[in-house]
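okay, structure incoming, though there's no sequence with it:
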Ligand code: AOF
Ligand code: ZN
């Protein structure tokens, strides 16, 4: 690994501290290096707060050192006034002579303009260090800007014999396929994404609240696909613990497949990532349109022998492990 790569790797490590709080902003990481020593680090604050570069620069006590430093950052420093002033202006103001960037920011507000500002001031800019890793790290942000839809994660649990639910179930008793550790992991995942989606049947059958309870973190925005507006407001999904968006047929233009329509609605709501927790029909809608990025599938030790079949997915298996007696398989589409 080259020196540049080592420092960008460190930026990626600290950037992960922003997972679940920076949304819909990307979770950027930055480090400032002087004489081959990291003298400051920063990552993006919770949404609306400081960008990574600002936090890193603020952490340098003796600002005069900045004129002899290299700033490393996972994403191109911004050039626009959003909720905060442009990072590239701050870098120029402090006369940081070298900036090393993981990847260009595809937000049309930035898209190369940050780099141009730096170069125009005489700053020595290197772009594309660990570029693939940085793009993968910012996958939610890049999917949103390039595909004009959120990063879509499908999640379900199935029995060893491939069922998601039994045919008839006793209303009072939830039927669990996975163990409590797997279920806790799902709460962590909910905290990591900006939104969570289920269909009408899941609301009627399970009355889920879709909040983060078994983990710390913010609740995602709840999205319910309620095409005929048949869900009354007594369901837990409409409680005031989190925001809920109801998508009905009024929001849908029937010229296009439904999954694409939902993705459009979510894009307009500025949602960068969503986890789809079922049920089988809703999941299948996205699979049929090939409109997903990751599928996280638990396989529990239970057998139902009959019931509602779990979706079938064709993707690259990128992760497989056991959680006690459950198996977790994660597929990526590309
Ligand atoms: C950076 N460093 O740490 C982040 C950046 O509304 P604002 O001011 O927070 O700007 C949000 C946009 O800034 C976001 O869409 C993306 O283009 C960029 N995010 N840029 O230089 C950061 N989080
Ligand atoms: Zn910025």
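Yes, it's here. What you are looking at is a predicted structure, and each value in this text was computed from that prediction instead of being measured. Residues are numbered from 1 along each chain as shown. Ligands and ions are numbered 1, 2, ... in the order given.

which element follows the helix or strand encompassing residue 187 toward the C-terminus?
Assigned by DSSP states H and E, residue 187 belongs to helix 180-192. Using DSSP H and E, the next helix or strand after helix 180-192 towards the C-terminus is strand 195-199.

ligand 1 contacts on the chain?
The interface of the chain toward ligand 1, taken as Cβ under 6 Å from any ligand atom, is made up of 25-26, 28, 44, 51-53, 75, 77-78, 82-84, 87, 105, 107, 110. In this view, the C-beta of every residue, glycine as well, is placed from N, C-alpha and C.

other SSEs contacting the helix holding residue 187?
The contact analysis (3 or more Cβ pairs under 8 Å, 6 or more residues apart in numbering; DSSP states H and E) places helix 180-192 against strand 151-158, strand 273-276, strand 316-323, strand 326-332.

out of the ones you listed, nearest to residue 145?
Set against residue 145 and scored by Cβ to Cβ, the helices and strands packed on helix 180-192 come closest in strand 151-158, at 10.9 Å.

now do the following helix or strand past that closest one: which elements does it pack against?
The helix or strand immediately downstream of strand 151-158 is strand 163-165, counting by DSSP H and E. For strand 163-165, the packing partners by 3+ Cβ pairs under 8 Å, 6+ apart come out as strand 151-158, strand 308-309.

which one of those has the lowest average pLDDT?
Least confidently modelled of these is strand 308-309, at a mean of 94 by mean pLDDT.

and the residues of the chain next to ligand 1, which are buried?
With neighbours counted by 16 or more other Cβ atoms under 10 Å, the residues of the chain next to ligand 1 contain buried members at 25-26, 28, 44, 51-53, 75, 77-78, 84, 87, 105, 107, 110.

so of the residues of the chain next to ligand 1, which ones are in strands?
Where these overlap with strands, as defined by DSSP state E, the overlap consists of residue 75.

what parts of the stretch 51-200 of the chain come near ligand 2?
51, 78, 87 (Cβ under 5 Å from the ion).

now the second one: how far from residue 96?
Separation of residue 78 from residue 96 (Cβ to Cβ, to the nearest Å): 15 Å.

same thing with the last one?
Applying Cβ to Cβ, the value for residue 87 to residue 96 is 11 Å.

show the average pLDDT along whatever helix or strand residue 267 lives in.
When elements are assigned from DSSP H and E, residue 267 belongs to helix 258-268. Helix 258-268 shows a mean pLDDT of 94.

now do that helix against strand 195-199, angle only.
Relative orientation of helix 258-268 versus strand 195-199 (axes from the mean of the first three to the mean of the last three Cα atoms, to 10 degrees): 150 degrees.

packing partners for helix 258-268?
Where contact means 3+ Cβ pairs under 8 Å, 6+ apart, helix 258-268 is packed against strand 221-225, strand 244-247, helix 280-288.

as TSV, these with mean pLDDT would be great.
As requested, these are arranged in TSV below (pLDDT from 0 to 100):
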stretch	mean pLDDT
strand 221-225	97
strand 244-247	95
helix 280-288	94
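
for those, which one ends up most surrounded?
When you average the neighbours per residue for each of those (mean count of other Cβ atoms under 10 Å), strand 221-225 leads with a mean of 24.

may I have the strands that pair with that strand, each with its orientation?
According to DSSP bridges, the neighbouring strands of strand 221-225, each with its direction, are strand 195-199 (parallel), strand 244-247 (parallel).

report the rounded mean pLDDT for the helix holding residue 187.
Per-residue pLDDT over helix 180-192 has a mean of 97.

any idea which of the helices and strands packed on strand 163-165 is most buried?
For the helices and strands packed on strand 163-165, the largest average neighbour count (mean count of other Cβ under 10 Å) is found in strand 151-158, namely a mean of 23.
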